[in-house]
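**Q** model this:
(one chain, ligands or ions: 2)
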Amino acid sequence: MAHGESQGDSLNAEWGRVTQILRTNIGEAAFQSWIKPISLRGIEGEVVRLSVPTRFMRDWVLAHYLDQLSELWRSENANAKEVEIVVQAERGLQPKEQVAVPEVSPKPAQVMEPVREPRSKSLCASLDKRFTFDQFVVGKPNEFAYAAARRVAEASKRPPFNPLFLYGGVGLGKTHLMHAIAWHIRQSEPNRTVMYLSAENFMYRFIRALREQTTVDFKEQFRSVDVLMIDDVQFIAGKDATQEEFFHTFNSLVDEGRQIVISADKSPSDLTGMEERLVSRLNCGLVADIHATTYELRLGILQSKGQQLGVEVPARVLEFLAHKITANVRELEGALNRVVAHSQLVGRDISLEATQDVLHDLLRANDRRVTIEEIQKQVASHFNIRTSDMHSARRARSVARPRQVAMYLAKQLTTRSLPEIGRKFGGRDHTTVMHAVKKVEELREHDSSFAEDVELLRRMLEG
Ligand code: ADP
Ligand code: MG
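**A** Ligands and ions are numbered 1, 2, ... in the order given. Reported below is the predicted structural model:
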């Protein structure tokens, strides 16, 4: 790469600062695994070129850190408009890798090519290549939100509902669906402009515009937008000036028949610190929530991710992960990636034993706080029965059902085996526990208020 000594030096210094900030943002463990191995190749035109040792790493870094890397580079160096990540082996360092990375790949083409995000719309954040409708696994907890997102993506004339308000807990696919809408429209109707940004970014830009007295330009940027998506709108709760600006932007776009898509971690009415008139505006369109994952959805997602990674993961391992990693999809995906990365590094097949080994910290974290006794107590008080009924032989449904819920939660939230759980419930057999788990899963599927009860309990127990 042709640049003088001093330019190279300052580039290295910039890279040093970028990585330092990332380090504090993402934590030491993630930094060591994913950022440290990256090397700086140089800058060509407006493209900063980075390289990583393996294709797997590249996909991971692209998926998880491209946005932050691009953002940080831009703030360090005005010329650095794009970030490109290549695999070292592509330059012929490791023949083995070269075989593993065919130039023409039949599988998800988007992931294979070095990704560049053109920055045509200065306000639009870059979109994750993997967040498409194709790669979104649909199940009971998210089918409504998915259908609504598809409707918006496919409606070329008038917005079917405005705004579309997506909400749900962290890591359940809100951002994924929003990016999917953007990708779909970019492909099917390239003339329409889609703008996606986080509420945080919206606020940041707005405040900067205020400071630099460029609010007219700021507003101008939204004028020609056909679809505006603002992610994580809970962020502007309590930020009055930003809300005010957002409210006006929102209204003028809606008045002109432009589509708006919003996401948040709560429903509009549950967002605290939001102005009443904004809340009522947000409630005007379609409000679609994404529920906590079910075992089936988790398993489906794992199968799909396994295929995308192109690795053979034994069914037992997938089932184990689906049972144990229940918090959200992001964590689930992270767990699978760790298991796969480990097996590739040590060059061994994926086994249940290795999985338990590699994830032992995560698995422990998942049941660290909760004991079976706590679960029994909490569930009993929730359903208004005595804790001793958890051990009793009574079979009345009013007691038996809560007991089953407690068994189910014990299975989900602790690493205890079925026989161990059975013993703690008045010496019941492990098949009784198994039956309870099945029963509760079934009820969760079909009875949403029951599902909410269970979900609530799980949250309380996990603290
Ligand atoms: P949120 O924005 O709700 O916090 P994200 O959209 O960032 O969550 O999702 C977290 C991760 O989980 C992403 O990598 C996303 O691709 C993945 N994910 C979430 N739901 C699904 C799903 N139904 N199918 C496939 N991947 C999913
Ligand atoms: Mg998100």
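**Q** residue contacts, the residue of the chain found nearest ligand 2?
**A** Nearest residue of the chain to ligand 2 (CB to the ion) works out as T175 at 3.2 Å. Any C-beta I mention is one placed from the backbone N, CA and C, and that applies to glycine too. Contacts for T175 were tallied using CB atoms under 8 Å, 6 or more residues apart in numbering; they are 128, 131, 231, 263.
**Q** Those in strands, which ones?
**A** Mapping these onto strands (DSSP state E) picks out 231, 263.
**Q** Closest one of the contacts of T175 to ligand 1?
**A** F131 (5.6 Å; CB to the nearest ligand atom).
**Q** What's the separation between the residue nearest to the closest one when sequence neighbours are not counted and ligand 1?
**A** Residue nearest to F131 in three dimensions, not counting chain neighbours: H179, with 3.5 Å by CB to CB, 6 or more residues apart in numbering. According to CB to the nearest ligand atom, to the nearest Å, H179 stands 8 Å off from ligand 1.
**Q** hang on, the earlier thing: could you list which of the contacts of T175 also contact ligand 1?
**A** F131 (CB under 6 Å from any ligand atom).
**Q** For the residue positioned nearest the centre of the chain, what is the enclosing helix or strand?
**A** For the chain, G171 is the residue whose C-alpha lies nearest the centre (CA atoms, centre = their mean; 3.7 Å). Assigned by DSSP states H and E, G171 falls within no helix or strand.
**Q** Now do the same for it: its pLDDT.
**A** Looking at G171, its pLDDT reads 94.
**Q** now it: how far from I301?
**A** Distance of G171 to I301, computed by CB to CB, to the nearest Å: 11 Å.
**Q** got any residues that touch both of those two?
**A** By CB under 8 Å, 6+ apart, the residues touching both G171 and I301 are V329.
**Q** what about F144, neighbour count?
**A** 16 (other CB atoms under 10 Å).
**Q** Spell out which parts of this structure neighbour ligand 1.
**A** 131, 135-137, 142, 168, 170-176, 301, 329-330, 333.
**Q** picking up where we left off before, was I right about the residue nearest to the centre of the chain contacting R330?
**A** Yes. In this structure G171 lies within contact range of R330 using CB atoms under 8 Å: 3.4 Å.
**Q** What parts of this protein come near ligand 2?
**A** Counting by CB under 5 Å from the ion, the positions of the chain adjacent to ligand 2 are 174-175.
**Q** which is the next helix or strand following the helix or strand encompassing A410?
**A** Applying DSSP H and E as the criterion places A410 in helix 397-413. Heading C-terminal from helix 397-413, the first helix or strand you meet, by DSSP H and E, is helix 418-424.
**Q** Mean confidence (pLDDT) on the helix or strand containing the residue of the chain closest to ligand 2, please.
**A** Secondary structure assignment for T175, by DSSP H and E: helix 174-188. Mean per-residue pLDDT for helix 174-188: 96.
**Q** And for stretch 207-214?
**A** 89.
**Q** Likewise for stretch 84-93?
**A** Here the average pLDDT along stretch 84-93 is 64.
**Q** same deal with stretch 292-303?
**A** 94.
**Q** How about stretch 244-257, which residues are buried there?
**A** 245-246, 249-250, 253-254 (16 or more other CB atoms under 10 Å).
**Q** And stretch 217-237, by the same measure?
**A** Quick answer for stretch 217-237 (16+ other CB under 10 Å): 218, 221-222, 225-237.
**Q** Farthest pair within those residues?
**A** Farthest pair in these (CB to CB) is D226 and A237. Separation: 27.2 Å.
**Q** after the helix or strand hosting E442 comes which helix or strand?
**A** Element membership for E442 (DSSP H and E) is helix 430-446. The helix or strand immediately downstream of helix 430-446 is helix 448-462, counting by DSSP H and E.
**Q** CA-only coordinates of that next one, as PDB, when you get a sec.
**A** Output in PDB follows, covering the C-alpha atoms of helix 448-462 (Å, rounded to 0.1, in the frame of the first residue of the first chain):
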ATOM      1  CA  SER A 448     -50.400 -16.800  26.000                       C
ATOM      2  CA  SER A 449     -51.400 -15.600  29.500                       C
ATOM      3  CA  PHE A 450     -49.900 -18.800  30.900                       C
ATOM      4  CA  ALA A 451     -46.800 -18.100  28.800                       C
ATOM      5  CA  GLU A 452     -46.600 -14.600  30.200                       C
ATOM      6  CA  ASP A 453     -46.900 -16.000  33.800                       C
ATOM      7  CA  VAL A 454     -44.000 -18.300  33.100                       C
ATOM      8  CA  GLU A 455     -41.900 -15.700  31.400                       C
ATOM      9  CA  LEU A 456     -42.600 -13.300  34.300                       C
ATOM     10  CA  LEU A 457     -41.400 -15.900  36.800                       C
ATOM     11  CA  ARG A 458     -38.300 -16.600  34.800                       C
ATOM     12  CA  ARG A 459     -37.400 -13.000  34.700                       C
ATOM     13  CA  MET A 460     -38.000 -12.500  38.400                       C
ATOM     14  CA  LEU A 461     -35.900 -15.600  39.200                       C
ATOM     15  CA  GLU A 462     -33.100 -14.500  36.900                       C
END
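**Q** Mean confidence (pLDDT) on that helix, please.
**A** 86.
**Q** residues making contact with it?
**A** 291-292, 326-327, 369-370, 374-375, 378-379, 382, 405, 408-409, 412-413, 440, 443-445.
**Q** let's go with 6 Å and repeat that
**A** 292, 370, 378, 382, 443-444 (CB atoms under 6 Å, 6 or more residues apart in numbering).
**Q** out of those, who has the most neighbours?
**A** R444 leads the contacts of helix 448-462 on contacts (other CB under 10 Å) with 23 neighbours.
**Q** And the pLDDT at it?
**A** For R444, the predicted pLDDT is 92.
**Q** go on, V104?
**A** Reported pLDDT for V104: 34.
**Q** show me what contacts R41?
**A** Neighbours of R41 in contact, by CB under 6 Å, 6+ apart: 49, 51.
**Q** A strand includes it, no?
**A** Yes. Applying DSSP: H, G, I helix; E, B strand; the rest coil, one finds R41 inside a strand.
**Q** Spatially nearest residue to G168 (excluding sequence neighbours)?
**A** I290 (3.2 Å).
**Q** can you pull out the helices in the stretch 101-250 of the chain?
**A** Per DSSP state H, counting those that start in this stretch, the stretch 101-250 of the chain carries helices over the ranges 109-112, 143-154, 174-188, 199-211, 215-223, 240-255.
**Q** Pull the number of nearby residues for Q376.
**A** There are 23 residues near Q376, going by other CB under 10 Å.
**Q** Before I go, just wanted to say thanks for your time.
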